[in-house]
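Colleague: Need a 3D model of the sequence below.
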Amino acid sequence: MLIVFLNLFAMDESRSKSLKGVILDMCGVLYDSGEDGGVAISGSVNAVKRLKESDLMVRFCTNETQAHREKFVAKLQRMGFDISVSEVFSPAPAAVAVLKEQGLRPHLLVHEGVVPEFDSLDKTNPNCVVIGDAAEKFSYQNLNGAFRVLIGLEKPLLFSLGRGRYYKETDGLKLDVGVYMKALEYACDVEAEVIGKPAPMFFQSVLNNMGIQPQEALMIGDDLVNDVGGAQHCGMKGILVRTGKYRPIDERHPTVMADGYADNLAAVVDMILTQRGH
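Modeller: Presented below is the predicted three-dimensional model:
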């Protein structure tokens, strides 16, 4: 199956040589998360190391909302990854910036691990709701609390930290924030503003940080719609790896087709660096 990926990418060698930056999803590409902290996917630590030793810029783009950036970056560093907080783009800091700009006071339905990201905001008398991957906090009581805030507003505002349907942990697939976002949208007749992948502004913020154009960047992820499709919508190429939440049916999706497929991150990096003469 890897040959299919190699052939697809080899058709556009000029694209590979003009490549200036690589954006990596984290969970499902670098590691599989779990209650024990998770485990690095085979070959991914060295793949990141090789990318960083090349002439390519590397950034990490995640919808992780169960911990603040410093905490999950420290976890990845313990796994052996060469990664710093400044290289990581996640939804919570972006949401805080939006809320401050609009003078909003959020009701938070998020994981307790990410709550510190919102410490600088006034949360009294909330005039919007922010929902993230709250995991066990997605109880009826907590969902109903968020519903009551929204339904009581003249102009309900719902912000969602990503819109993923599910993700993979070491013990299997888990429902993600998008499922609960849809419940609140339906109940309150409101459309959420998504902050995180696949929102174009989120991807653009990563490109702006690198100072490159979309056609000079490549996104590598395990989520066909949010990683690959979101990147393609911004003008980037997107590669789907067969790790994490990947399922074979993803390669037969009716509307989104990856620019290439690979068994894992190490295989993608091998191909990129080989074509660039590294």
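Colleague: So which bits of stretch 240-252 are buried?
Modeller: By neighbour count with 16 or more other Cβ atoms under 10 Å, stretch 240-252 contains the buried residues L240, V241, R242, T243, G244, K245, Y246, D250. C-betas here are computed from N, CA, C, even on glycine.
Colleague: next one: stretch 143-152
Modeller: In stretch 143-152, counting by 16+ other Cβ under 10 Å, buried: L143, A146, F147, V149, L150.
Colleague: Keep only those of those that are in helices.
Modeller: L143, A146, F147, V149, L150 (DSSP state H).
Colleague: Can you identify each of the strands in the stretch 151-278 of the chain by residue range?
Modeller: Secondary structure of the stretch 151-278 of the chain, counting by DSSP state E, counting those that start in this stretch: strands at 158-160, 166-169, 172-175, 193-194, 217-221, 237-241, 260-262.
Colleague: rewinding a little: now tabulate the buried residues of stretch 240-252 in CSV and tack on pLDDT.
Modeller: Shown next, in CSV, are the buried residues of stretch 240-252 (pLDDT from 0 to 100):
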residue, pLDDT
L240, 97
V241, 97
R242, 97
T243, 96
G244, 95
K245, 93
Y246, 96
D250, 96
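Colleague: Can you list the strands that the host helix or strand of F60 pairs with?
Modeller: Assessed by DSSP states H and E, F60 sits inside strand 57-61. With DSSP bridges as the test, strand 57-61 is paired with strand 21-24 (parallel), strand 88-89 (parallel).
Colleague: Show me where the stretch 1-150 of the chain has its helices.
Modeller: Taking DSSP state H, counting those that start in this stretch to define them, one finds helices in the stretch 1-150 of the chain at 2-10, 13-18, 44-53, 69-79, 91-102, 140-151.
Colleague: who touches the last one?
Modeller: By that I understand helix 140-151. For helix 140-151, the surrounding residues in contact (Cβ atoms under 8 Å, 6 or more residues apart in numbering) are 107, 109, 126, 129, 131, 134, 156-158, 180, 183-184, 187-188, 190.
Colleague: how about a cut-off of 10 Å?
Modeller: Around helix 140-151, the neighbours that count as contacts under Cβ atoms under 10 Å, 6 or more residues apart in numbering are 106-109, 125-131, 134, 136-139, 156-158, 180, 183-185, 187-190.
Colleague: next one: the fourth one
Modeller: Counting by Cβ under 10 Å, 6+ apart, the neighbours of helix 69-79 from elsewhere in the structure are 26-27, 30-31, 33, 37-41, 44-45, 48, 60, 62, 64-67, 81-90, 92-93, 113-114, 116-117.
Colleague: what comes up buried for it?
Modeller: Of the residues in helix 69-79, R69, F72, V73, L76, M79 count as buried by neighbour count, 16+ other Cβ under 10 Å.
Colleague: Which parts of the protein belong to which domain?
Modeller: Domain assignment for the chain, taken from automatic domain parsing, gives 2-90+197-275, 91-194.
Colleague: Check these for me: which has the lowest mean pLDDT.
Modeller: Per-segment confidence across the domains of the chain bottoms out at domain 2-90+197-275, which has a mean of 90 in mean pLDDT.
Colleague: Can you say which of the contacts of helix 140-151 are buried?
Modeller: Applying a neighbour-count criterion of 16+ other Cβ under 10 Å, the buried members of those are 106-109, 126-131, 134, 137-138, 156-158, 180, 184-185, 188, 190.
Colleague: circling back: restricting to C-alpha, output the strand holding F60 in PDB.
Modeller: Provided in PDB are the C-alpha atoms of strand 57-61 (Å, rounded to 0.1, in the frame of the first residue of the first chain):
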ATOM      1  CA  MET A  57      10.400  24.500   9.100                       C
ATOM      2  CA  VAL A  58       8.300  22.300  11.400                       C
ATOM      3  CA  ARG A  59       5.200  23.200  13.400                       C
ATOM      4  CA  PHE A  60       2.700  21.200  15.400                       C
ATOM      5  CA  CYS A  61      -1.000  21.800  15.000                       C
END
